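Peer 1: This is the structure alone, sequence omitted:
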């Protein structure tokens, strides 16, 4: 776990006994608390633009909140897979977080997510395992939970694809010897459902999502900057 955490704040995770009730400041990552999270992100985005909260659409705040959470779930899982061929096995209900605003969210996984992880023999098997245990598991649950805020699945899986690409970029920057393995695994993940079709590759080889996280709409007049991998960016 220390090797994964050393990659940066988006990879940092702690561990907790799976049968222990969370204690402050840790909270369960429940659907109910996601509502408060979206409200907090909306307030933060509005304040950043010098606007009242109702100037920011709820679905915009929900998409931004989802992108941050997806990145925190994807990053340590992808690093464990790349560095150790280990597939973490967390359930969304067993995760613990601290809903801070303005940076990577503190995240804790149950001990058995590490101890119970499976070791894949090939990158293709690794992609299949990650697909089933991560994308079709807690990330699908997270997308389902965000559906209550009228964010389309197209955007949510675009956010997840962007999180995978961003995590891969950070891993290769810190561990250049793992570049080939990281890129191959990332490509395999993006080619599989549910991420298939969520992104494309530019003629120059760069990652480009086929949707927009909507954060530009949080700026006054909806005229904020676009992310570098946005479908609207030219």
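Peer 2: Structure received. This one's a predicted model, so the numbers in the text were calculated from it and none came from an experiment. Numbering: from 1, shown residues only.

Peer 1: what about residue 26, how many residues close to it?
Peer 2: By other CB atoms under 10 Å, the residues close to residue 26 number 17. Every residue, glycine included, has its C-beta placed from N, CA and C.

Peer 1: For it, give me its contacts.
Peer 2: 16, 96-98, 106, 108 (CB atoms under 8 Å, 6 or more residues apart in numbering).

Peer 1: mind running it again at 10 Å?
Peer 2: By CB atoms under 10 Å, 6 or more residues apart in numbering, the contact set of residue 26 is 14, 16, 20, 95-98, 106-108.

Peer 1: now, which of those lie within helices?
Peer 2: Assigned to helices by DSSP state H, none of the contacts of residue 26 qualify.

Peer 1: Among these, the buried ones, what's the ChimeraX command?
Peer 2: In ChimeraX, a selection of the buried entries from the contacts of residue 26 looks like this (16 or more other CB atoms under 10 Å):
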select :16,95,96,97,106,107,108
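
Peer 1: Turn the contacts of residue 26 into JSON lines, including distance to residue 215 and pLDDT.
Peer 2: JSON lines is the format used below for the contacts of residue 26 (distance: CB to CB, whole Å; pLDDT from 0 to 100):
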{"residue": "14", "distance to residue 215": "28", "pLDDT": "91"}
{"residue": "16", "distance to residue 215": "31", "pLDDT": "89"}
{"residue": "20", "distance to residue 215": "36", "pLDDT": "79"}
{"residue": "95", "distance to residue 215": "24", "pLDDT": "90"}
{"residue": "96", "distance to residue 215": "26", "pLDDT": "92"}
{"residue": "97", "distance to residue 215": "21", "pLDDT": "93"}
{"residue": "98", "distance to residue 215": "22", "pLDDT": "92"}
{"residue": "106", "distance to residue 215": "22", "pLDDT": "94"}
{"residue": "107", "distance to residue 215": "21", "pLDDT": "94"}
{"residue": "108", "distance to residue 215": "27", "pLDDT": "93"}
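
Peer 1: among the contacts of residue 26, which are in strands?
Peer 2: In strands, defined here by DSSP state E, the members of these are 14, 16, 96-97, 107-108.

Peer 1: hang on, residue 36 packs against residue 101?
Peer 2: No: contact criterion CB atoms under 10 Å: residue 36 and residue 101 do not qualify, at 11.3 Å.

Peer 1: quick one, phi/psi of residue 70?
Peer 2: In terms of degrees, to the nearest 10, the main-chain angles of residue 70 are phi -60, psi -40.

Peer 1: Can you report how many residues neighbour it?
Peer 2: Neighbours around residue 70, by other CB under 10 Å: 25.

Peer 1: And for residue 31?
Peer 2: Using other CB under 10 Å, residue 31 has 14 neighbouring residues.

Peer 1: Go ahead and confirm it touches residue 142.
Peer 2: Yes: counting by CB under 10 Å, residue 31 touches residue 142, with 9.4 Å between them.

Peer 1: Which residues are in contact with each of the two?
Peer 2: Applying CB under 10 Å, 6+ apart, one finds that residue 31 and residue 142 are jointly contacted by residue 92.

Peer 1: for the ones in strands among the contacts of residue 26, which one is nearest residue 79?
Peer 2: residue 107 (12.8 Å; CB to CB).
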